[in-house]
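Peer 1: Whatever this is, show me its structure:
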Amino acid sequence: MALSKLFSGGTRTHRPGFLARLFPSGKWELTLDPSLPGRIRLSQGGDAELNCLDIVSISTSQALLWHTVEIRARGRTDNLAGLTGVSAGNLASDLYAFINHYLFGLIGTETTHLLEVDARLRAITEGNRQYLAQADLGRAIASVPGSAAAALSHPLLDPQLMPAGLKGSLPASFAMLTDPGVRHAYNEAFVTSELLKCQPFFDDLDGRSLSDQQREACIRLEDNNLLVASAGSGKSATMVGKVAYVLEKQLYRPDEILLVAFNKSAADELRTRIARQLEVEESALECRVMTFHALGRGIIEEVEGRPPQLANWVDHPAGEGRVIEEIIRSLVETDPQFARLWSDLLVVHPKADIPAEVFDTEADYRRYVSNRLNKGGATIGSLAGDIVKSLQEQKIVNWLWLHSVDFEYERQIAVEDDDGTVRHLHPDFYYPLTDTVHEHFALNADGTSPFADYVQHAESKRHAYRRKEIDFFETTSAQASSDTLLSTLEAELTRRAVHFQRKSYAEITKAVEPVVIKHYHKLVSTCIKHIRASHLTLDMLLERAGTLHDKERAKLYARVVWMITQGYSQRLEETRRIDFDSMIADAIQLVETGRYQSPYSLILVDEFQDISEPRANLIKALKQQKAFSKVFAVGDDWQSIYRFAGSDVTIFTQFETNFGVSWQGRLEQTYRCNQLIAETAAKFVQRNPEQITKLVRSTRPAIPRSIRVIPIDGERGRPNFAQACHRLLKRLDIALGGIAAQWRNKPGAKLKVLVLWRYNVLDPFGGIAPSFANIEVSGLSFHRAKGLEADYTVLLDVSEGDYGVPSRIEEDELLNLVIPRPETFAYAEERRLFYVALTRASRGVYLFTNCRQPSRYIRELCEIAGNEVRFETIEGAALRQCPVCLVGEMVEKRNRNGTVFCGCNQFPDCKHSEGGPAQPSARLRRRA
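Peer 2: Numbers count the residues shown, from 1 in each chain. The predicted model follows:
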């Protein structure tokens with residue numbers, strides 16, 4: 001439909017749905033009236049008219065429950081929430097069409113000014129002076145007076161929608177505006193020419209010669225730019241090169257350039273390198289290089305004349321966590337309702353009860369539910385000390401423990417069938433005080449069961465209990481799904497006058513594993529950020545809780561985290577302080593309302609994969625407040641590992657959706673890992689199809705078998721990784737000493753070894769790294785190792801388990817209560833975190849694993865790299881890797897008749913065996 005006819009049918013009014021209008025955010029109405037060209041009526045807490053020329057962007061986003069259309073105009077930003085995806089799309093489309101209809105009208109009425117615009121465009125393109133983004137054209141056009149020029153330079157102008165008659169009347173140079181192919185062809189020719197012209201400049205920049213991809217990234221200057229960088233690919237050097245290039249070309253003044261980093265050390269490094277490249281003192285550097293923290297603080301201080309009053313815990317790395325712990329402790333002591341809810345959460349709901357059918361395989365489900373696996377069997381512990389068969393039974397046992405109810409698990413009971421046959425049953429629970437039997441049946445709401453013959457089995461038990469006149473009640477899986485399991489249990493026991501005596505909080509915290517408490521603290525910290533930033537309500541959280549698998553746990557947690565959030569906000573109000581997130585929100589408001597005037601025309605953002613929605617909104621506000629400014633974001637979505645701190649990887653992977661039409665480049669050459677590690681790690685992380693595709697090439701040739709797996713055994717299935725680590729380091733030190741002439745380039749030089757772990761409880765050094773003659777050892781968590789590099793890395797406990805790799809507790813469905821765009825790929829962030837750990841090493845990586853529970857990630861590495869993954873002992877002797885499951889070890893076994901054969905030690909998960917005495921296969925001999 002032609003735009004000239006789009007609104008001829010009459011006025012269009014948009015408003016949220018009926019349910020959304022019950023919330024404060026849903027009380028708005030927007031009207032597009034053709035009789036009021038260039039103006040949009042908006043009723044939202046008062047009536048306003050938006051001028052089409054002032055609107056700089058229209059975008060849609062998915063919030064927790066609904067979609068939102070954001071309208072950014074000069075001096076204000078309006079969020080129209082409470083929409084379905086379809087209605088949000090329709091509203092944005094209508095707005096876009098209405099504005100373009102008006103802009104085309106302005107262009108058509110001022111043809112005399114178009115010749116002056118034509119002259120400005122020719123001056124740029126014929127001189128071949130610079131890369132041309134839409135903003136560059138807009139800047140040139142905006143220097144011409146009149147409404148036509150204002151329309152032509154408008155950021156929402158869509159020339160592809162321009163009526164053919166109007167397009168045909170424009171001067172020839174306007175093809176640069178109206179035909180994307182013309183500008184694209186010009187820019188491609190410019191980049192080719194500029195690469196040749198600037199070769200000497202890029203040959204010696206920041207102390208190195210930049211790669212072709214780095215050089216192109218320095219030259220490209222679209223309105224929005226995303227540089228997708230591989231680990232160790234020189235992204236910082238590219239950012240330094242970008243700044244040096246635009247200053248060399250005099251495209252920007254130094255005071256128009258802003259670089260934003262996520263931490264002070266990164267900002268300091270960039271500042272030092274840029275000053276060195278520009279040959280100026282750091283104190284004289286006019287480009288601004290700062291953290292988001294300093295940026296927000298500076299904006300507020302400039303407008304209000306004083307710095308924001310930040311809470312005293314903001315600058316301490318563990319400060320926020322300690323405050324949340326204090327709030328929880330205070331609520332436990334002063335609010336009986338909270339104390340009960342929090343205790344229930346810790347004791348009864350340590351992890352979500354997720355149906356088996358959600359998992360890809362039965363083995364994955366067993367891994368999820370179990371505390372540990374023993375010969376293929378899942379073991380699920382409980383606070384009462386009983387090993388139970390399911391998470392639902394664990395809930396029941398833990399609830400009984402919490403309320404000090406005396407019970408016996410699976411006590412044997414003799415019953416007599418109709419024919420007089422005596423058989424022995426093992427009811428799930430027996431309550432000796434009232435001589436009551438309690439069965440928890442795996443039955444659905446319709447009475448069916450996922451297990452064969454189970455319904456008949458359950459009915460047989462019921463009949464036997466009735467025949468013997470045993471006091472009996474039952475609970476079912478259906479009640480667990482419908483959030484009535486525990487209330488039914490409590491009601492049945494209350495009816496039998498069973499006495500409840502809740503454990504004290506001290507007893508609870510002593511019994512519950514510390515990692516469970518720590519996990520919930522971390523989860524609460526993440527959720528508080530999202531609740532406050534998105535202005536979520538308890539009703540919203542409860543509604544979302546009803547969509548999760550474990551509804552009872554989710555609703556309980558929603559109430560708990562809401563109360564903690566209220567306490568957190570109250571703590572800030574009482575001290576008249578703000579936290580970091582509040583500071584960013586205040587800074588955004590100052591930018592959007594125009595009280596702060598941004599001087600920045602080029603904004604570069606480092607580590608963009610760690611961006612959160614508030615930080616992204618601050619960058620958008622700065623960009624859109626100053627006309628024709630540009631954003632250059634650099635990062636690696638494969639290394640996005642801070643979701644618990646509020647980062648949202650989809651802002652990176654869906655960059656164009658969030659920031660507008662953009663150029664996307666790659667840095668695929670790594671200077672760190674050898675080719676085997678680089679290629680294997682890249683293929684591993686890209687098994688998640690949501691990650692952006694890159695083809696990684698290394699400047700270091702592949703080192704054969706530089707990925708080594710060392711299975712560790714231990715008493716009761718608990719290997720001593722600390723002891724094993726020390727033995728390997730000693731072996732490595734001796735081996736490297738023997739070939740020191742090959743690598744030692746100066747006296748006393750040592751090779752670096754990073755020992756990494758998923759959780760700090762695995763620290764084998766007690767905080768003090770050992771000293772060796774040939775290696776320099778340091779130990780860190782996977783997270784803290786990001787950005788570091790070493791010659792060798794040793795990864796501890798790459799095993800299945802709650803606290804192994806991947807860590808199951810990190811993928812808690814409760815995060816979906818507050819994150820609007822949850823990732824659907826299993827253990828997506830854990831996969832990226834393992835990628836980070838793998839890619840720290842240049843020469844080799846050693847993976848320690850529990851020989852009884854090897855991580856699925858080891859299997860994947862073997863699938864990718866084949867024979868280049870070597871299985872060995874701590875001393876370096878080759879092990880016979882199972883050719884079927886890839887993670888097991890072929891060991892010598894005996895049949896009952898004494899026959900010797902080789903079988904996989906992962907039996908019964910892997911049943912592969914080979915007849916005859918244990919001899920290394922040809923394949924394994926070659927690897928050895």
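
Peer 1: now the strands for the stretch 1-150 of the chain?
Peer 2: 12-14, 29-32, 39-43, 47-51, 55-62, 67-73, 76-83 (DSSP state E, counting those that start in this stretch).

Peer 1: Compare these and give me the one nearest residue 175.
Peer 2: Closest approach to residue 175 among the strands of the stretch 1-150 of the chain is made by strand 55-62 (24.9 Å; C-beta to C-beta). Bear in mind the C-beta positions are built from the backbone N, C-alpha and C, glycine included.

Peer 1: Not counting the closest one itself, show me its contacts.
Peer 2: Outside strand 55-62, the residues within contact range by C-beta atoms under 8 Å, 6 or more residues apart in numbering are 40, 67-74, 85, 88-89, 92, 95-96, 99, 155-156, 620, 624, 627, 657-658, 660, 820-821.

Peer 1: What residues of stretch 888-904 count as buried?
Peer 2: 888, 889, 890, 902, 903, 904 (16 or more other C-beta atoms under 10 Å).

Peer 1: so is the fifth one in a helix, a strand, or just coil?
Peer 2: Put plainly, it is residue 903. Under the three-state scheme (DSSP: H, G, I helix; E, B strand; the rest coil), residue 903 adopts strand.

Peer 1: Just list whatever residues bridge to it.
Peer 2: residue 891, residue 913 (DSSP bridges).

Peer 1: I figured residue 847 hits residue 711, correct?
Peer 2: No. Taking contacts as C-beta atoms under 8 Å, residue 847 lies outside contact range of residue 711: 9.4 Å.

Peer 1: State the distance from the residue nearest the centre of the chain to residue 526.
Peer 2: The centroid of the chain falls nearest to residue 643 when counting by C-alpha atoms, centre = their mean (4.0 Å). Distance, residue 643 to residue 526, using C-beta to C-beta, to the nearest Å: 7 Å.

Peer 1: what's the overlap in contacts for these two?
Peer 2: residue 815.

Peer 1: chain center to the longest strand anywhere in the chain, what's the gap?
Peer 2: In the chain, taking DSSP state E as the definition, the longest strand is strand 841-850. In terms of C-alpha atoms, centre = their mean, to the nearest Å, the centre of strand 841-850 is found 24 Å from the chain centre.

Peer 1: Which strands and helices lie in contact with that strand?
Peer 2: strand 669-674, helix 675-685, strand 707-712, helix 721-738, strand 790-795, helix 856-865 (3 or more C-beta pairs under 8 Å, 6 or more residues apart in numbering; DSSP states H and E).

Peer 1: Turn the ones you listed into a markdown table, columns for mean neighbour count, mean pLDDT and distance to residue 213.
Peer 2: Listed next are these as a markdown table, based on neighbours: other C-beta atoms under 10 Å; pLDDT from 0 to 100; distance: least, C-beta to C-beta, whole Å:
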| stretch | mean neighbour count | mean pLDDT | distance to residue 213 |
| --- | --- | --- | --- |
| strand 669-674 | 22 | 94 | 7 |
| helix 675-685 | 23 | 97 | 15 |
| strand 707-712 | 23 | 97 | 26 |
| helix 721-738 | 17 | 96 | 34 |
| strand 790-795 | 24 | 98 | 25 |
| helix 856-865 | 20 | 97 | 24 |
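
Peer 1: Go through those and name the closest to residue 826.
Peer 2: Using C-beta to C-beta, the helices and strands packed on strand 841-850 put helix 856-865 closest to residue 826, at 9.8 Å.

Peer 1: List of residues touching that closest one?
Peer 2: 676, 680, 683-684, 687, 707, 709, 798, 800, 805-806, 831, 834, 847, 849, 869, 881, 885-887.

Peer 1: Nice, that's everything, thank you.
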